[in-house]
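Peer 1: Quick one, what's the 3D model for this:
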Amino acid sequence: MKQSKVFICGGGKIGHMIAHLLSTSGDYLVTVGDVNEAQFAKFKDMKNVETVKVNLSDQKALEKAAAGTNFIMSALPFSLTTVVAGAARKIKAHYVDLTEDIRASEEVKKLAKGAESAFIPQSGLAPGFISIAANDLAKKFDTVDELKMRVGALAKYPNNAIKYNLTWSTAGLINEYCEPCNALVDGKLIQLEPLEGYEHFTLDGMNYECFNTSGGIGTLGESLKGKVKNLNYKSIRYPGHLDVMKFLINDLKMKDKQDMLVKILDDAIPATKQDVVLVYVGASGYKNGQFVQETIATKIYAGMIEGMECSGIQITTAGAACAVIDLVRNGKLPQKGFIKQEDIKLSDFLANRFGKVYAPGKVTAKAV
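Peer 2: Coordinates of the predicted model:
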């Protein structure tokens, strides 16, 4: 099979990692597009990678720059999703993105109708892999009473009042903290308030807190309606984080000044590559007449990938996106139309050279 061409929109941390994984595989020719040429320095010594300056908010300019590519991969803020997806539709390229924004994904779904290529939004960690794992776990039950999805990208050594360091898009983080959260409650698809639903969470003896955040459930609520009674997604954080964020967003009314809050955090909170990603999916329900619980849980740490030092969130987010691209390329996924994350088989994902970074811990089952 000849090399496939991938046009990556955005040369930031995740775009860089996606380019690294795809280019070092030998099966992809990568072009990275960005309006900021300062981003290009880190790509100059990478084989099979080219860079091009392009205004990614200009659909016509993007169509021209990406003409002839097989895939368009958006590693941009959710506000540019429809522009990039529209360009992909126009040039008949497969489209993949990482967006957690519910409205943006709905626009992608509309663009996918009648398209001659595949459109696969939400192809990161959460939404993304977490939906693939949760759907697979739910299928093992005759009936599911509760399906819990929990994800956290955390600094290994937090030393500030919010117990958090920046590891990915700050705008994306604040969007998750401000937008409504889809969930299934007693079989009904409803929206919950963000930063609510506090719970104590323990993994490997470590104490954490969890609370509602937007977007992580992806399209899974719609897919499992009528099959799962209760389904929810929450972010995992160190204890104390939630109270500070509720003060900033609710009490200080920064929900209405999200751009300002993003700038404050970007200026004051250090970024780190010393992180760990926690992934937990827990299901309880009936199997063969017995009420049981099953769990998928894993931790992914920062490390060296093909000679590059990478954070845990880079490894998981980029790994998931590259796995989706690879599965389309290899014919494991449909070649056109809208594809939900839960349409992807967990076995195919984990067997993939990029998806294997998620290899979960042992799945346990017990009577409860």
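Peer 1: rest of the way, CA atoms for contacts and neighbours
Peer 2: Noted.
Peer 1: secondary structure element for N55?
Peer 2: Element membership for N55, per DSSP states H and E: none, as it lies in no helix or strand.
Peer 1: Name all residues that make contact with it.
Peer 2: With contacts taken as CA atoms under 8 Å, 6 or more residues apart in numbering, N55 has the following neighbours: 34-35, 61-62.
Peer 1: how close does it get to A359?
Peer 2: 38 Å (CA to CA, to the nearest Å).
Peer 1: Helices of this structure, start to end?
Peer 2: 13-25, 59-66, 81-91, 102-112, 129-138, 170-178, 220-224, 241-246, 258-268, 312-329, 346-351 (DSSP state H).
Peer 1: pLDDT wise, what is S169 at?
Peer 2: As predicted, S169 sits at a pLDDT of 82.
Peer 1: Need the nearest residue in space to it, chain neighbours excluded.
Peer 2: Nearest non-adjacent residue to S169, counting by CA to CA, 6 or more residues apart in numbering: P77, 7.8 Å away.
Peer 1: State the number of residues packed around that neighbour.
Peer 2: The number of residues packed near P77 is 17, by other CA atoms under 10 Å.
Peer 1: How about E199?
Peer 2: E199 has 12 neighbours, counted by other CA under 10 Å.
Peer 1: excluding its backbone neighbours, what's nearest it?
Peer 2: Per CA to CA, 6+ apart, closest to E199 is C210, 5.2 Å.
Peer 1: and what of D343?
Peer 2: Nearest non-adjacent residue to D343, counting by CA to CA, 6+ apart: I132, 7.6 Å away.
Peer 1: and what of G152?
Peer 2: I236 is the one closest to G152 (CA to CA, 6+ apart), at 4.3 Å.
Peer 1: Look up the pLDDT of P360 for me, please.
Peer 2: 59.
Peer 1: Ok, which of the helices of the chain comes nearest I300?
Peer 2: With CA to CA as the measure, helix 312-329 is the member of the helices of the chain nearest I300 (5.8 Å).
Peer 1: Give me the packing partners of the closest one, helices and strands only.
Peer 2: helix 13-25, strand 94-97, strand 275-287, strand 290-301, helix 346-351 (3 or more CA pairs under 8 Å, 6 or more residues apart in numbering; DSSP states H and E).
Peer 1: neighbours around the closest residue to V144 other than its chain neighbours, how many?
Peer 2: Using CA to CA, 6+ apart and skipping the chain neighbours, the partner closest in space to V144 is G285 (4.3 Å). For G285, the count of nearby residues is 23 (other CA under 10 Å).
Peer 1: residue contacts, G285?
Peer 2: Remark: with contacts taken as CA under 8 Å, 6+ apart, G285 is in contact with 141-146, 291-293.
Peer 1: Please, a ChimeraX command that selects the buried ones among those residues?
Peer 2: The ChimeraX command for the buried members of the contacts of G285 (criterion: 16 or more other CA atoms under 10 Å) is given here:
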select :141,143,144,145,146,291,292,293
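Peer 1: can I assume L278 is in contact with A153?
Peer 2: Yes. The pair formed by L278 and A153 meets the contact definition of CA atoms under 8 Å, at 6.4 Å.
Peer 1: anything in contact with each of the two?
Peer 2: I236.
Peer 1: more neighbours, these two?
Peer 2: Here L278 and A153 are compared on neighbour count by other CA under 10 Å; more neighbours surround A153, at 26 against 21.
Peer 1: Show me the beta-bridge partners of that one.
Peer 2: Per DSSP bridges, the residues bridged to A153 are V277.
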